[in-house]
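[1] predicted model follows, preceded by the sequence.
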Amino acid sequence: MTRATDMRAKGGAGPARHLFVLRVDAKDIIVHVNNHWLAFGKENNYPATGLIGNPLFKFVTDTTTQQLYRTLMRRALESHKTITVPFRCDTPSQRRFMSMQVVPLPGKEIEFRSRIVRTEPRSGVRFLDPAAPRGDKLIRMCGWCRKVAIPEWVEVEIGVRKMRWFEQSLLPKITHGICPACEQLMMAEVGSSLPRRPN
Ligand SMILES: [Zn+2]
């Protein structure tokens, strides 16, 4: 599984068609992650152990994002329909456009199935390097589109230029939330997947 990850990191294989699968039970406890999810998580510094048997919301800690997940999950269960939402999961050298399906299963379980839709290369952005030294200053990043609030929401490259982060030895710390545009988009997505009444 690391081989697939390495290929993707080099960009040689094009957007991977793997499905990254994570499943929770009716009490939001993680009951399954597939190998592709683990490989992807490893690449993105997600916790690799201690997932199974723990609440999803131990790992999704931002309250706005938690609320959004809960809404997506509730609507998927109520409507018995899969909800699909776009998100970004970037690396320092790639913009990764992804898609996540929220799939209702029997027994009120929910499966999150994510995949990479397309990637765009970019010159290395040190700001996104988890190994870069960070100071105490906090900067908010949208967990869905990866824009940063400076305080207006902009692409990371624009934030880096405008805030002159490239000149600083200590970068700000990243906290996660959701920008108003993504919140609106998600809510529209949730609304559109509600069961339609027969005319
Ligand atoms: Zn956003």
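    Okay, I see it.

[2] any regions of this structure where pLDDT drops low?
    1-16, 192-199 (pLDDT under 70).

[3] mind checking the SS state of the nearest residue to residue 94 once chain neighbours are set aside?
    Spatial nearest neighbour of residue 94, excluding adjacent residues (CB to CB, 6 or more residues apart in numbering): residue 119 at 5.0 Å. (Glycine included, C-beta is placed from N, CA and C.) Counting by DSSP: H, G, I helix; E, B strand; the rest coil, the backbone at residue 119 sits in strand.

[4] just checking, what packs against the longest helix along the chain?
    Ordering each helix of the chain by length in residues (DSSP state H) puts helix 63-79 first. Where contact means 3 or more CB pairs under 8 Å, 6 or more residues apart in numbering; DSSP states H and E, helix 63-79 is packed against strand 83-88, strand 94-104, strand 110-121, strand 171-177, helix 180-192.

[5] and the last one, what does it pack onto?
    What it means is helix 180-192. Helix 180-192 packs on helix 63-79, strand 83-88, going by 3+ CB pairs under 8 Å, 6+ apart.

[6] what's the separation between the closest residue to residue 45 other than its chain neighbours and residue 167?
    Nearest non-adjacent residue to residue 45, counting by CB to CB, 6+ apart: residue 130, 5.3 Å away. Residue 130 is 21 Å from residue 167, where distance means CB to CB, to the nearest Å.

[7] for residue 41, what are its contacts?
    33, 47-48 (CB atoms under 8 Å, 6 or more residues apart in numbering).
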